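Engineer: coords please:
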Amino acid sequence: MRAQNYIKKNKEIAEKFLAWRSTQDIDSLKRLNLGWSNWGFGRESFAEGLERLAKNNVRFVELHGNHYGPDFGYTEKEVLDGIKAHGVEVSGTCGMVSIESELSASSFAVRQRSIDYFRREIEFCAAVGGKYVLFAAGAVGRPAPYDAYDYERSVESMKIIAETFKEYGIRGAIEPVRPDEVSVVHTFADAKKMIDDVNHPGINYIAGDVFHMELCEAHIAGTIMDYPGMMTNLHLADSHRRALGTGMLDLDTILMALYLTGYNNPYCFCSPEPLGGGSDPYAQAHGAPDKAMLDQLVEQTASCFYEREEAILGASDEEIKKAYDLE
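Structural biologist: Got it, this is the predicted structure:
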């Protein structure tokens, strides 16, 4: 029986990974940077979330971009004291894009609010040692476009804030999001086109999310291979947008693609964001946390990630060939 196309792609990537691995000193090889996108922790204190991450050897935190106004959000002291106490570093910031503050809005007032918001987040991210600020091109929870010009307005707004990214040395990263959640930029190809149209070094990266990629890309690992050097963060969750290892996500092949594209470097991160279903997940950012559930979520996800990472790096060639049915 002829193999399905996704299996053929898996085999191609596994073969390339085996060839690459044979040239590496695995014991001294830098591992991938595992972090966590903490806005899913809701109203829990920053310190409590960091304690959970440190307990599970999660070494980076992607900050909830919660500076919704000058008087809101984490303080610099709060973050710097927390990461020092728990041995966790800031990877970057997850920009929050809602109908009240979005770059593609038909209202100039809403766009200005979004531009001001991102300037605050860029400055704060730099102050606490982060590397990137990611964002959707349109509001999460608004899948219907305002009109035919959502894309053009988003590009125009990004051109305004791009210089601030450059000034602070922070990577601006566009996140493609499924069409059930946003009106514009759903694929890596869409994000690449928008980056080309913005045409500024301040916004030059893509923030991937395997949940959205599973719905909008032909092959998750194949897409990673197609855009080497462009992705700076990858949100992780299993196929049902929950803890890794509890669904049907092909994590092994994704990890292989990350290593093949040199993703194991100081500027690139894997940040689990297992939010569950629904077309507007932002409610979790402000809800009361279920601490037992969050403990289990982080423990399961981190242990699965590290287990599968060491499996692909440490398995024998014969074991990988058998797993991928290679000749």
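Engineer: what separates the lengthiest helix in the chain from the chain centre, distance-wise?
Structural biologist: Across the chain, the longest stretch assigned as helix under DSSP state H is helix 291-314. On the basis of C-alpha atoms, centre = their mean, to the nearest Å, helix 291-314 sits 17 Å off its chain's mean C-alpha point.
Engineer: Can you spell out which helices and strands pack onto it?
Structural biologist: Contacts defined by 3 or more C-beta pairs under 8 Å, 6 or more residues apart in numbering; DSSP states H and E place helix 291-314 against helix 46-55, helix 251-260, strand 269-272. For glycine as for every other residue, the C-beta is placed from the backbone atoms N, C-alpha and C.
Engineer: Mind doing that once more with 7 Å?
Structural biologist: If contacts are counted by 3 or more C-beta pairs under 7 Å, 6 or more residues apart in numbering; DSSP states H and E, helix 291-314 sits against helix 46-55, helix 251-260.
Engineer: Which one, of the ones you listed, ends up nearest to residue 117?
Structural biologist: helix 46-55 (19.1 Å; C-beta to C-beta).
Engineer: Check which residues of the closest one are buried.
Structural biologist: 46, 49-50, 52-54 (16 or more other C-beta atoms under 10 Å).
Engineer: Reformat the residues you listed as a markdown table; add distance to residue 239.
Structural biologist: Below are these laid out as a markdown table (distance: C-beta to C-beta, whole Å):
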| residue | distance to residue 239 |
| --- | --- |
| 46 | 30 |
| 49 | 25 |
| 50 | 28 |
| 52 | 24 |
| 53 | 23 |
| 54 | 28 |
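Engineer: Pull the most distant pair out of those.
Structural biologist: 46 and 54 (12.5 Å).
Engineer: coming back round to it: can you lay out the helices and strands packed on helix 291-314 as CSV showing mean pLDDT and distance to residue 110?
Structural biologist: Formatted as CSV, these follow (pLDDT from 0 to 100; distance: least, C-beta to C-beta, whole Å):
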stretch, mean pLDDT, distance to residue 110
helix 46-55, 97, 28
helix 251-260, 98, 36
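Engineer: May I see the ones you listed arranged in CSV, with distance to residue 75 as well?
Structural biologist: Output for these, formatted as CSV (distance: least, C-beta to C-beta, whole Å):
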stretch, distance to residue 75
helix 46-55, 9
helix 251-260, 34
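Engineer: looking at these, which is closest to residue 10?
Structural biologist: helix 251-260 (5.1 Å).
Engineer: Tell me what angle the closest one forms with helix 291-314.
Structural biologist: Per axes from the mean of the first three to the mean of the last three C-alpha atoms, to 10 degrees, the angle that helix 251-260 makes with helix 291-314 is 60 degrees.
Engineer: Can you list the low-confidence ranges for this protein?
Structural biologist: 277-286 (pLDDT under 70).
Engineer: Helices along that one, start to end?
Structural biologist: 5-21, 46-55, 76-86, 108-127, 150-168, 188-198, 210-216, 220-226, 251-260, 291-314, 317-323.
Engineer: Can you point out the buried residues in stretch 118-132?
Structural biologist: Of all the residues in stretch 118-132, those buried under the rule 16+ other C-beta under 10 Å are 118-122, 124-126, 128, 130-132.
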